[in-house]
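**Student:** One predicted model, sequence on top.
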Amino acid sequence: MRWIEELIEAGDQAAIAIIDHDGARFTYADLVAMIGQLRDVLTEIGVRGGDRVLVVAENSASFAVAMLALAGLRAWPIPVNARMSADEIDAIRAHAGARAALFTPEASDLAAGHALRLSARPHGRLAAGEVLIAGPWEAVPEPVSVDPHEQVGALMYTTGTTSQPKAVMLTHANLTWNAETSCRVRGIRADDDILAVLPGSHIYCFGSAMLAAFHAGATVRFQPRFSVGAVLAAYRDGVTIMPAVPQMYQAIVEHLRRVGEKPDLPRLRLISSGGAPLDPDWKAGIEAFFGLPLHNGYGLTETSPSVSVTRPDRPRTDISVGEVVDGVEVLIDAPDQGGVGEVLIRGPNIMKGYYRNPDATRAAIRPDGFFRSGDLGRIGDEGELYIVGRLKELIIRSGFNVYPSEVEAMLTRHPAIRQAAVVGRQVAGNEEILAFLLTDGSVTEADVKDWLKDHLAAYKVPQRVLVVEEFPVAPSGKILKHRLIPTFAAQLADGVG
């Protein structure tokens, strides 16, 4: 994204752009130099505009340099979490028709392992570390455009709630708009220190943390993986903004309560949640512990990602995902009596489409430009947006609509339940409700069902409640609901709760 490079070059070159995973600090001048060096290397080995290039990485300065250098060449960077399996990475490489792959060995042993497997070779060093590149492989470049609304700036493979990820084409204009919007609605300033602990391969971290920080001339502090100890150390060292998923905040709260400590937050001024539903009790507990409002927001990979966000100057006490951002339209399609329907979105944030999948693109983007989110939501009296679940996750039990998020919210009010995930499963002539729980070990399936009967309508009470050791999750921490039933098939078949 040449626009980012221009902003970097025009800003305070002596300011700290990146605090790396190992504590190394790089100024904006350092960042500009590394981008230029890597761009020269990529050109020399034959990477062209329109080529698709994997960046197999965990959060680090090398990751940021690779993404920006590739986009500056008008190649299509594909951020790939190094925690993916060999089969998953090979599938992305094949689908994308990749020209090459870059790796971040200093930040990730797994990235180094993938580099070895794909016969990557060293191509010199940057200040942030060794340049390891696999390829070039045979590939046909896509057309290159000077129009930022046409030129792809990143190809993001979604985790999604289904088993088939899609390749989302986000343009330079999409990413520019999102960086500017994130800065404006969050009030990001040049003196901010933003903790990037969510995977950079996830649009929330890449678009709304890293690119937004560079747009503001702020500092990005990279952590390759979430660790309570590392996050607490970053707080002490001056982090001002932390975007995360709710489970990360909850883990921090539980740890500090266990050791009887309060967090040391000398500069922290904004904590925000996204990427997963926010439980109301968790929100209240996190806010009380941090002494800060926990902001919420909503977006998807296909929307670059910003759609709505709560504002720092008017935090909300409920679990709405805030007000729709300026320039974006949201409609609720075919609402029921409670005003709930599919969330439709239109604006400068909407992706160009799914790569090599025109049928899926046509199904997702209506002729009038509205994107079908697949999420169920409603608009509140003050214009705030509420997300109540996924359209495909809607459970129809005995003719009644059951929203999993509603059941999950009630389950986590039980003092013994730490986390809940609810899905539906077809049975003869009906659909049954399955609840999967992480607990403190003190409750049984019967206990939970009895408790729910006093708190939910009878048709919303799950037919099965399973206590499990851990959930299948994406690297971002999002529960992969489509994997719950196959993961715990034996437990379901045995009738064990």
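**Tutor:** Done, it's in.

**Student:** Please, which helix or strand holds Val55?
**Tutor:** strand 52-57 (DSSP states H and E).

**Student:** What strands line up against that strand, and which way round?
**Tutor:** As defined by DSSP bridges, the strand partners of strand 52-57 come to strand 76-81 (parallel), strand 100-103 (parallel).

**Student:** tell me what whatever helix or strand Ile271 lives in is packed against?
**Tutor:** In this assignment (DSSP H and E), Ile271 forms part of strand 270-273. When contacts are defined as 3 or more Cβ pairs under 8 Å, 6 or more residues apart in numbering; DSSP states H and E, strand 270-273 sits against strand 241-244, helix 246-259, helix 280-290, strand 294-299. All C-beta atoms are positioned from the backbone trio N, CA, C, and that covers glycine.

**Student:** circling back to that earlier point, mind putting the strands paired with strand 52-57 in TSV, mean pLDDT, distance to Ile433 and mean neighbour count included?
**Tutor:** Formatted as TSV, the strands paired with strand 52-57 follow (pLDDT from 0 to 100; distance: least, Cβ to Cβ, whole Å; neighbours: other Cβ atoms under 10 Å):
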stretch	mean pLDDT	distance to Ile433	mean neighbour count
strand 76-81	96	32	25
strand 100-103	98	43	28
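
**Student:** Which one of these lies nearest to Gly338?
**Tutor:** Gly338 sits nearest to strand 76-81 of all the strands paired with strand 52-57, at 37.4 Å, using Cβ to Cβ.

**Student:** Low-confidence ranges, the stretch 1-150 of the chain, go.
**Tutor:** Under the criterion pLDDT under 70, the flagged ranges of the stretch 1-150 of the chain are 1-4.

**Student:** which residue ranges form the strands in it?
**Tutor:** Secondary structure of the stretch 1-150 of the chain (DSSP state E, counting those that start in this stretch): strands at 16-19, 25-27, 52-57, 76-81, 100-103, 121-126, 129-134.

**Student:** wait, which of these is closest to Met169?
**Tutor:** It is, among the strands of the stretch 1-150 of the chain and with distance given as Cβ to Cβ, strand 76-81, at 8.0 Å.

**Student:** And the contacts of that closest one?
**Tutor:** Here strand 76-81 makes contact (Cβ atoms under 8 Å, 6 or more residues apart in numbering) with 50-58, 63, 66-67, 70-71, 89, 92, 96, 98, 142, 152-157, 167, 169, 199-202, 206, 475.

**Student:** did I read that right, Gly207 in a helix?
**Tutor:** Yes: assessed with DSSP: H, G, I helix; E, B strand; the rest coil, Gly207 lies in a helix.

**Student:** tell me the contacts of the closest residue to it other than its chain neighbours?
**Tutor:** Spatial nearest neighbour of Gly207, chain neighbours left out: Asn178 (4.8 Å); criterion: Cβ to Cβ, 6 or more residues apart in numbering. By Cβ under 8 Å, 6+ apart, the contact list for Asn178 reads Gly207, Ser208, Leu211, Ala212, Ser304, Pro305, Ser306, Asn349.

**Student:** Which strand or helix spans the last one?
**Tutor:** Applying DSSP H and E as the criterion places Asn349 outside every helix and strand.

**Student:** circling back: gap between the strand holding Ile271 and the chain center?
**Tutor:** Once both centres are worked out by Cα atoms, centre = their mean, to the nearest Å, strand 270-273 turns out to sit 14 Å from its chain's centre.

**Student:** Parallel or antiparallel, list what pairs with it.
**Tutor:** strand 241-244 (parallel), strand 294-299 (parallel).

**Student:** Including mean pLDDT, mean neighbour count and distance to Ile319, could those go into a markdown table?
**Tutor:** Converted to a markdown table, the strands paired with strand 270-273 look like this (pLDDT from 0 to 100; neighbours: other Cβ atoms under 10 Å; distance: least, Cβ to Cβ, whole Å):
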| stretch | mean pLDDT | mean neighbour count | distance to Ile319 |
| --- | --- | --- | --- |
| strand 241-244 | 96 | 26 | 16 |
| strand 294-299 | 95 | 25 | 7 |
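
**Student:** For the ones you listed, give me TSV that also has distance to Thr219.
**Tutor:** What follows is the strands paired with strand 270-273, written out as TSV (distance: least, Cβ to Cβ, whole Å):
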stretch	distance to Thr219
strand 241-244	10
strand 294-299	20
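
**Student:** Show me the one of those strands that comes nearest Met410.
**Tutor:** strand 294-299 (19.1 Å).

**Student:** and the angle from that closest one to helix 246-259?
**Tutor:** Relative orientation of strand 294-299 versus helix 246-259 (axes from the mean of the first three to the mean of the last three Cα atoms, to 10 degrees): 160 degrees.

**Student:** For the helix or strand following strand 294-299, give the mean pLDDT please.
**Tutor:** As assigned by DSSP H and E, the chain's next helix or strand after strand 294-299 is strand 306-309. Averaging pLDDT along strand 306-309 yields 97.

**Student:** Please write out the alpha-carbon positions of the top helix by length along the chain in PDB.
**Tutor:** In the chain, with assignment by DSSP state H, the single longest helix is helix 28-45. Output in PDB follows, covering the C-alpha atoms of helix 28-45 (Å, rounded to 0.1, in the frame of the first residue of the first chain):
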ATOM      1  CA  TYR A  28       9.600   5.000  11.100                       C
ATOM      2  CA  ALA A  29      12.900   5.700   9.300                       C
ATOM      3  CA  ASP A  30      13.900   2.100  10.000                       C
ATOM      4  CA  LEU A  31      10.600   0.800   8.700                       C
ATOM      5  CA  VAL A  32      10.900   2.800   5.500                       C
ATOM      6  CA  ALA A  33      14.400   1.400   4.900                       C
ATOM      7  CA  MET A  34      13.300  -2.200   5.600                       C
ATOM      8  CA  ILE A  35      10.300  -1.900   3.200                       C
ATOM      9  CA  GLY A  36      12.600  -0.600   0.500                       C
ATOM     10  CA  GLN A  37      15.200  -3.300   1.000                       C
ATOM     11  CA  LEU A  38      12.700  -6.100   0.900                       C
ATOM     12  CA  ARG A  39      10.900  -4.700  -2.100                       C
ATOM     13  CA  ASP A  40      14.300  -4.700  -4.000                       C
ATOM     14  CA  VAL A  41      14.900  -8.400  -3.000                       C
ATOM     15  CA  LEU A  42      11.400  -9.400  -4.100                       C
ATOM     16  CA  THR A  43      11.800  -7.600  -7.400                       C
ATOM     17  CA  GLU A  44      15.200  -9.300  -7.900                       C
ATOM     18  CA  ILE A  45      13.800 -12.800  -7.500                       C
END
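
**Student:** Who are the packing partners of that helix?
**Tutor:** So helix 28-45, by 3+ Cβ pairs under 8 Å, 6+ apart, packs with helix 2-10, strand 16-19, helix 61-72, strand 121-126, strand 129-134.

**Student:** rewinding a little: which one of the contacts of Asn178 is nearest to Ile396?
**Tutor:** Pro305 (29.3 Å).

**Student:** Identify the residues contacting the nearest residue to the closest one once chain neighbours are set aside.
**Tutor:** Excluding the flanking residues, the one nearest Pro305 by Cβ to Cβ, 6+ apart is Gly299, at 3.0 Å. Each residue near Gly299 by Cβ under 8 Å, 6+ apart is listed here: Ile203, Tyr204, Ser208, Gly274, Pro305, Ser306, Val307, Ser308, Asn349.

**Student:** can you check Ser476 too?
**Tutor:** Applying Cβ under 8 Å, 6+ apart, the residues near Ser476 are Thr159, Leu198, Pro199, His202, Tyr204, Val245, Gly275, Ala276.
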